[in-house]
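Peer 1: Following is a predicted model, sequence given first.
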Amino acid sequence: TVVRVADLYVDCGFESADEADAAGVRIGTPVVYAPGSFAMGAHRVTGPAVDDRAGCAVLIEVARALAKRTGGPTVHLAFTTQEEFNLRGALPLAQRLLPDIALQVDLMLATDTPDTTGRGDMRLGGGAGMSLYSFHGRGTLNGVIPHPALVRLFEETAGAEAMPLQRSAQTGVLTDLSYVQLVGEGVAALDVGFPMRYSHSSREVVDLRDLESLRDLLIAALARIGPEFSLSRD
């Protein structure tokens, strides 16, 4: 049985409110999962906050590759904060940069465990993923229907480079891109990512081969954005 959030509490061993206050525990004090990551088998790792430390690791590898190039489009790599708290980090940056294209690098909910059967076809070890539709499914929170030119770019890149590319279409999902796409006169948007199990738990699981696949796909796709690349919908 999963305990409701409203019924959870943390017992720190204090005997009074004064003891808790003296230890620095008061209203507004943040609580996080205890750190600690572990290898699982030959290719997988588990731990807290893999979402989105894994995405950060991919971007660092992409940055290393971009540093060696001699041409290509201007690329801003952003490590934004507070996505889980109403997307507070990405929007100010997007409003400053006013980009033509925004690519979100985040998890893709894996659907390869018994409890997720029938909810999609996204599996660990299957390579990078691309979202074709997302919607939070509640209230005014929206989602992303990606720009067709970017979908085509990543599909053609994966095909030309013989890279795997999994596809996702899910509700109950929201990323920074949901509102970045609305900045200025509109930003061409696409969510790409890596499959991950057990989202928002203390033991999120990813496959390192999928991170490598995503790194390679991003590098190859960015290299194909040249003077002839068009965001026209015609």
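Peer 2: Yep, that arrived. Fair warning: this is a prediction, and the values are worked out from it, not measured in the lab.
Peer 1: From here on, just use CA atoms for contacts and neighbour counts.
Peer 2: OK.
Peer 1: Look up phi and psi at the residue nearest to the spatial centre of the chain.
Peer 2: The centre of the chain sits closest to residue 106, judged by CA atoms, centre = their mean, with a distance of 1.1 Å. With angles defined as degrees, to the nearest 10, residue 106 sits at phi -150, psi -180.
Peer 1: so it makes contact with residue 49?
Peer 2: No. Using CA atoms under 8 Å, residue 106 makes no contact with residue 49, being 11.8 Å away.
Peer 1: contacting residues around the residue nearest to the residue nearest to the centre of the chain when sequence neighbours are not counted?
Peer 2: Once flanking residues are discounted, residue 106 sits nearest to residue 193: 4.8 Å by CA to CA, 6 or more residues apart in numbering. Contact analysis of residue 193 by CA atoms under 8 Å, 6 or more residues apart in numbering lists 55, 104, 105, 106, 107, 108, 128, 129, 130, 214.
Peer 1: Can you list the residue ranges for helices in the chain?
Peer 2: 17-22, 50-66, 90-97, 148-160, 177-180, 208-223 (DSSP state H).
Peer 1: Packing partners of the fourth one?
Peer 2: I take that to be helix 148-160. Counting contacts by 3 or more CA pairs under 8 Å, 6 or more residues apart in numbering; DSSP states H and E, helix 148-160 packs against strand 188-196, helix 208-223.
Peer 1: Relative to residue 111, how far out is residue 117?
Peer 2: Noted for residue 117: a distance of 6 Å to residue 111, by CA to CA, to the nearest Å.
Peer 1: ok, now residue 33?
Peer 2: 24 Å.
Peer 1: Show me which of the two is the more surrounded one.
Peer 2: Taking neighbours as other CA atoms under 10 Å, residue 33 and residue 111 compare with residue 111 leading, 20 against 11.
Peer 1: shouldn't that one be in contact with residue 120?
Peer 2: Yes. Residue 111 lies in contact with residue 120 (CA under 8 Å); the separation is 5.6 Å.
Peer 1: where are the low-confidence patches of the chain?
Peer 2: Along the chain, the parts satisfying pLDDT under 70 run over 86-87, 139-140.
Peer 1: bridging residues for the residue nearest to residue 106?
Peer 2: residue 106, residue 129 (DSSP bridges).
Peer 1: if we can go back for a sec, quick one: contacts for the residue nearest to the centre of the chain?
Peer 2: So residue 106 contacts 51, 52, 55, 175, 191, 192, 193, 194 (CA under 8 Å, 6+ apart).
Peer 1: would you turn those residues into a markdown table with distance to residue 222?
Peer 2: Listed next are the contacts of residue 106 as a markdown table, based on distance: CA to CA, whole Å:
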| residue | distance to residue 222 |
| --- | --- |
| 51 | 23 |
| 52 | 21 |
| 55 | 17 |
| 175 | 21 |
| 191 | 14 |
| 192 | 13 |
| 193 | 15 |
| 194 | 18 |
